[in-house]
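In: Structure, please.
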Amino acid sequence: MAERLFNDFPIETKILMETENTKLFVCSRKVNLSVFMVTNRFMAILFFQNSGKLSSQLIICFGDGALHWGKELYRYYEEFSESLRSRDLKDCGNLKPAEV
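Out: Predicted coordinates:
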């Protein structure tokens, strides 16, 4: 999945990874979450469908309970996930938006 992110969206991925307070992780275990974000204001999750395809429905929650649960879920997955760093994008460093 990370390779696809790097290959299909190299510039966007580079910008995201260089944004302050942003971390990207790859989980080696099988999970049904494809995208999971927690901020100080909201939590968002994008699941895979039972067929394995990416769902087009994003779940967004704003309540305090959802934010607390999202932070706990983040810490749980962080324990067995590998952080992606800017150096992982070594081939994308010289790309310009016009090249995409």
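
In: which is the next helix or strand following the lengthiest helix in the chain?
Out: When the chain is parsed with DSSP state H, its longest helix is helix 64-78. Using DSSP states H and E, the helix or strand that follows helix 64-78 towards the C-terminus is strand 81-84.

In: partner strands of that following strand, parallel or antiparallel?
Out: Sheet partners assigned to strand 81-84 using DSSP bridges are listed as strand 24-27 (antiparallel).

In: Downstream of the strand it pairs with, the next helix or strand is which one?
Out: strand 33-38.

In: The helix or strand that comes right after that next one - which strands sit beside it in the sheet, and in what orientation?
Out: The helix or strand immediately downstream of strand 33-38 is strand 43-48, counting by DSSP H and E. Applying DSSP bridges to the sheet, strand 43-48 is found paired with strand 33-38 (antiparallel), strand 54-61 (antiparallel).

In: wait, which of those is closest to residue 26?
Out: strand 33-38 (11.7 Å; CB to CB). Using the backbone N, CA and C atoms, a C-beta is placed for each residue, glycine as well.
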